[in-house]
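> starting from these lines, generate the structure:
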Amino acid sequence: MLKKTASILLCAGLASSLYARDDISKSRTFIGAEIGYVEVQGDTFNELSFTGDPDIQFGIRIGAEKDEWRTTLIVNYYDSEDNDQNIEQGLIALDYYLLDNDSAIKPYIGANIGYANYESTLVEDSGFLYGGQLGVVFNASDMINLDLSYRYSLSGTDVFDHSGGVNLALDYLF
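Have a look, this model is predicted:
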């Protein structure tokens, strides 16, 4: 599972850097961490299509942004003992800024695609994800961004249907 996720993220990262090849000096890279309050729907040992109470998801992210676009590689981990669900996700997100990049507040809309491993007691499945997100980036300083977003992802697997939730990220730009 880890090899598949790493391969997908590497290929996606290489492919996403193609759009920045002409103006690579104008793009800014960043690294960050995120925390989210996420609801997951998937099969568990006790129920089919179980939707539990939202729980906490943690993640790390790395990416690059240009004037109007941002590409982000995200690795998330969700583990809910109360809902008996565990998910590891690797995503690539492509976001479009709706306002000028020099603004202190930049709303965006975007799409994501990735791979997830879903586990519950006696239930396990892996497969591709796709979805969208919208949010707003707050430029706290020249090197620090806060990102508040809502991300929704559908799964192509049999036992994991979707996840959706609010995420808060802190990014360091360099």
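> can I assume Met109 is in contact with Ala93?
Not quite, residue 109 is Ile, not Met. No - taking CB atoms under 8 Å as the definition, Ile109 is not a contact partner of Ala93, at 10.9 Å. For glycine as for every other residue, the C-beta is placed from the backbone atoms N, C-alpha and C.
> what residues are shared contacts of those two?
Residues touching both Ile109 and Ala93 (CB atoms under 8 Å, 6 or more residues apart in numbering) are Gln133.
> what about the helices in this protein?
2-16 (DSSP state H).
> show me what Leu154 bridges to in the sheet.
Tyr130, His162 (DSSP bridges).
> any idea how far Ala169 lies from Leu154?
21 Å (CB to CB, to the nearest Å).
> neighbour count for Ile109 and Ala93, which is higher?
Neighbour count, other CB atoms under 10 Å: between Ile109 and Ala93, Ala93 has more, with 25 against 12.
> need the contact list for the more buried one.
63, 70-72, 74, 110-112, 133, 151 are the contacts of Ala93 under CB under 8 Å, 6+ apart.
> in strands, which of the residues you listed fall?
63, 70-72, 74, 110-112, 133, 151 (DSSP state E).
> what's the closest of the residues you listed to Glu39?
Arg151 (11.4 Å; CB to CB).
> need the contact list for the closest one.
Here Arg151 is in contact with 36, 93, 112, 131-133, 164-165, 167 (CB under 8 Å, 6+ apart).
> try 7 Å this time
112, 131, 133, 164-165, 167 (CB atoms under 7 Å, 6 or more residues apart in numbering).
> which one (most neighbours) among the residues you listed?
Gln133 (23 neighbours).
> how about the strands in the chain?
28-42, 50-51, 55-65, 69-80, 85-97, 105-120, 123-139, 144-155, 160-173.
> lowest average pLDDT across these?
Per-stretch mean pLDDT for these is lowest at strand 50-51 (a mean of 72).
> surely Gly59 meets Leu73?
No - Gly59 is beyond contact range of Leu73, at 10.3 Å (criterion: CB atoms under 7 Å).
> so which of the contacts of Arg151 comes closest to Asn145?
Using CB to CB, the contacts of Arg151 come closest to Asn145 at Asn167, 13.3 Å.
> nearest residue to the closest one other than its sequence neighbours?
Gly36 (3.8 Å; CB to CB, 6 or more residues apart in numbering).
> contacts only, for the one you found.
57, 165-167.
> for those residues, which two are the farthest from each other?
It's Gln57 and Val166 that sit farthest apart of the contacts of Gly36, by CB to CB, at 10.0 Å.
> who's more crowded, the two?
Gln57 (22 against 15).
> what about Ala140, neighbour count?
12.
> how close does it get to Arg70?
For Ala140, the distance to Arg70 - CB to CB - is 16 Å.
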